[in-house]
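> I'll drop the sequence and a predicted model, then ask my questions.
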Amino acid sequence: MHNKWIIYMLALAVFLIGTVEYIITGIIEMIAVDLSIATSDVGLLVTVFALAAALVAPLLIAFTINIDRKLLLLCTYSLFILSNGMMFAHVSYDLMLWIRVLQGISGGMSTVVAMAIATRLVNKEKRGHAIGIILMGLSSSLVLGVPIGTFFSEWLGWRTLFILVGIFSLLPLVVIYKYI
């Protein structure tokens, strides 16, 4: 697999998406205190992300089936990065819910398209392996991303975490643009 490093960059992108999806569970109290809302309300930030990724993203992928996969990944991943910047802004809880919907749609689409692209970067017999690497990125976000993100949130503030993820997301974006 001569494109293995590109697949690992796609896995990094999916790792960052997964971290943003699940990190709310690690910083739920910080957000509740900062926004002066109940922790159950903060929990909705996880729910709307998951619902958008599970319900809306597949529909949009079906509607965009004829769009070049690289272009689609560049657009959806850029939207994901932008949405992280929006989370840094001091916005209302209601607007934050909509930002999380945007993160769920863009993250869900980016994950699926990254897997599709990864399968095209390898020989037929290595496609399962390529998908496994991408899914490793998602699984690792639970095991590594959430604890690391929680640590940095306690140290730098929960909003800063989203900016850091956005900055780290630029590396896979450049790789996607230049090498896929």
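Looks like it arrived, so ask away. Numbering: from 1, shown residues only.

> where exactly do the helices run in the protein?
Secondary structure of the chain (DSSP state H): helices at 4-22, 24-35, 39-51, 57-63, 69-88, 93-120, 127-140, 146-156, 158-179.

> where's the residue at the greatest distance from the centre of the chain relative to residue 165, distance?
Of all residues in the chain, residue 125 sits farthest from the chain's C-alpha centroid, using CA atoms, centre = their mean; the distance is 27.8 Å. The spacing between residue 125 and residue 165, counted by CB to CB, to the nearest Å, is 34 Å. For the C-beta atoms, the positions are set from N, CA and C on the backbone; glycine is no exception.

> what does stretch 40-47 contact?
Stretch 40-47 has contacts (CB atoms under 8 Å, 6 or more residues apart in numbering) with 21, 22, 24, 25, 28, 31, 32, 35, 93, 96, 97, 100.

> Quick one, which of those residues are buried?
In terms of neighbour count (16 or more other CB atoms under 10 Å), the buried residues within those are 21, 22, 24, 28, 31, 32, 35, 96, 97, 100.

> Now do the same contact list for the fourth one.
In other words, residue 28. For residue 28, the contacting residues are 39, 42, 43, by CB under 8 Å, 6+ apart.

> Over to the third one?
Contacts were defined as CB under 8 Å, 6+ apart; by that measure residue 24 touches 31, 42, 43, 45, 46, 49.

> switch the cut-off to 10 Å
30-31, 42-47, 49, 100, 146, 149, 158 (CB atoms under 10 Å, 6 or more residues apart in numbering).
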